[in-house]
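S.K.: predicted structure and sequence below. I'll ask about it afterward.
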Amino acid sequence: YPVVIKRLNKQYPTVDELTRFKREFHLLKSLGGQQVVTAHELVDSESGMAIILEDVKGRSIADYVQENTLSLVDKMIIAIQMVDAIIQVHTKSIIHKDINPRNFIINPNEDSVKIIDFGIATELPKEITSVKNPNVLEGTLAYISPEQTGRMNRAIDYRTDFYSFGVSLYWMLTGVL
């Protein structure tokens, strides 16, 4: 069966990068489900570490929306599927922290949307609520919530994903950020 191979992009990754990559695999395995990309295997070989993922056979929502003329109803159907995927992640107490139209894959032939890229995701009870270095941002800048920037004295919780979803929905409906 066709798969997607996600590899670390460094020949000599740091311990932190390896830990994050392994955590991404384990989070994906724990999620499983209809609207989250399935992780099949974590492979550690001479050429480096890789996650073997299902091939969703689709396009990012960002590309799909830009390449097709969609009605408001079509966009809302996609948005509802995005919310369903986010809810599926949140029911397992996981925060994605990088919700944006590039991290959702749509397969228009199967009428399905799946969420991908859990590289900076975290389990809710394990999220550190201390103030972070404001010079280091996790996520896609145009879509991250104010508390995720580290410049506010607020803890990151599931609402950060919905803030980012709101920015994504605004972009889908208007074409501008």
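M.R.: Everything's here; your move.

S.K.: can you pull the phi/psi pair for the most far-flung residue of the chain relative to its centre?
M.R.: Farthest-out residue of the chain from its mean C-alpha position, per C-alpha atoms, centre = their mean: residue 46, at 27.8 Å. With angles defined as degrees, to the nearest 10, residue 46 sits at phi -60, psi -30.

S.K.: how near is it to residue 52?
M.R.: 16 Å (C-beta to C-beta, to the nearest Å). The way it works is simple: take the backbone N, C-alpha and C, and place the C-beta from them, glycine included.

S.K.: please apply the same query to residue 74.
M.R.: 32 Å.

S.K.: again with residue 29
M.R.: 11 Å.

S.K.: could you do residue 13 as well?
M.R.: 18 Å.

S.K.: just residue 65 next, same as before
M.R.: Going from residue 65 to residue 52 by C-beta to C-beta gives 28 Å.

S.K.: what about the two, which has more around it?
M.R.: residue 65 (21 against 15; other C-beta atoms under 10 Å).

S.K.: the more buried one and residue 75 touch, don't they?
M.R.: Yes - with contact defined as C-beta atoms under 8 Å, residue 65 counts as touching residue 75 (7.3 Å).
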